[in-house]
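# Attaching a predicted model along with its sequence, questions to come.
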Amino acid sequence: MKRRVSGVGAMAAMAAMAAMACMAGAHAAEPSLPDVPSCSSTTAPDDAGLVATPGGFMLVHPRSVDLADDYTGCKTLWVMDVDPAPWRWATLWFRDGRLQRVVSGSRDAAPRVCDMPGAALPTGYAPAPACEGLEEHPWIALRLPSWPRACAAENPPAACEGAPE
């Protein structure tokens with residue numbers, strides 16, 4: 001796998017997805033996510049996976065290989081091809097393997113929150129506007145194929161030659 005750095009293309013694709021997800025424009029000062037470690041990651045851990053996008057790379061944690069089909073918790077995506085460090089772009093909350101809520105943001109704006117149609121939020125969580133246009137988007141799936149993060153290095157390991165998992 002050859003690293004291709006083009007943050008502009010990745011940013012355009014991600015901006016479009018954020019706009020689709022939050023058409024209703026719901027802003028939240030403190031998005032409602034469970035108080036568990038997977039939902040509070042602010043920086044990408046070393047074992048985050050590397051995801052190729054049309055314009056660059058994202059990081060995802062946890063990786064698909066670490067998730068059960070009935071996973072409950074959050075999966076977070078970071079934009080990688082920006083300096084000085086990756087920034088958190090979206091946190092996806094899953095319950096029993098089904099996406100419930102998307103909290104997306106940019107570095108300069110308040111997070112946007114939307115709930116997937118049919119989301120069954122536990123008691124104590126206020127509903128957010130419905131997410132629109134995301135049902136089949138690959139980036140919000142429970143299983144998002146990724147390579148080990150080391151594949152972004154100048155001299156990636158041999159494991160990076162295969163398909164992402």
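Alright, I've got the coordinates. Numbering: from 1, shown residues only.

# Sketch out the low-pLDDT regions of this structure for me.
Where the chain drops to pLDDT under 70, the residues are 1-31, 83.

# show me where it has strands.
49-53, 56-61, 73-79, 87-95, 98-106, 109-115, 147-148 (DSSP state E).

# For Gly133, which of those strands is the nearest?
Among the strands of the chain, strand 109-115 comes nearest to Gly133, with 10.3 Å by Cβ to Cβ. C-beta coordinates here come from the backbone N, C-alpha and C atoms, glycine included.

# And that closest one, what does it pack against?
When contacts are defined as 3 or more Cβ pairs under 8 Å, 6 or more residues apart in numbering; DSSP states H and E, strand 109-115 sits against helix 7-21, strand 98-106.

# that older thread, pipe the strands of the chain into a markdown table and attach distance to Tyr125 and mean neighbour count per row.
Output for the strands of the chain, formatted as a markdown table (distance: least, Cβ to Cβ, whole Å; neighbours: other Cβ atoms under 10 Å):
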| stretch | distance to Tyr125 | mean neighbour count |
| --- | --- | --- |
| strand 49-53 | 28 | 21 |
| strand 56-61 | 23 | 23 |
| strand 73-79 | 14 | 23 |
| strand 87-95 | 9 | 22 |
| strand 98-106 | 8 | 22 |
| strand 109-115 | 9 | 20 |
| strand 147-148 | 34 | 22 |
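
# Mind putting those into TSV with distance to Cys131?
Shown next, in TSV, are those (distance: least, Cβ to Cβ, whole Å):
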stretch	distance to Cys131
strand 49-53	19
strand 56-61	18
strand 73-79	15
strand 87-95	10
strand 98-106	6
strand 109-115	4
strand 147-148	27
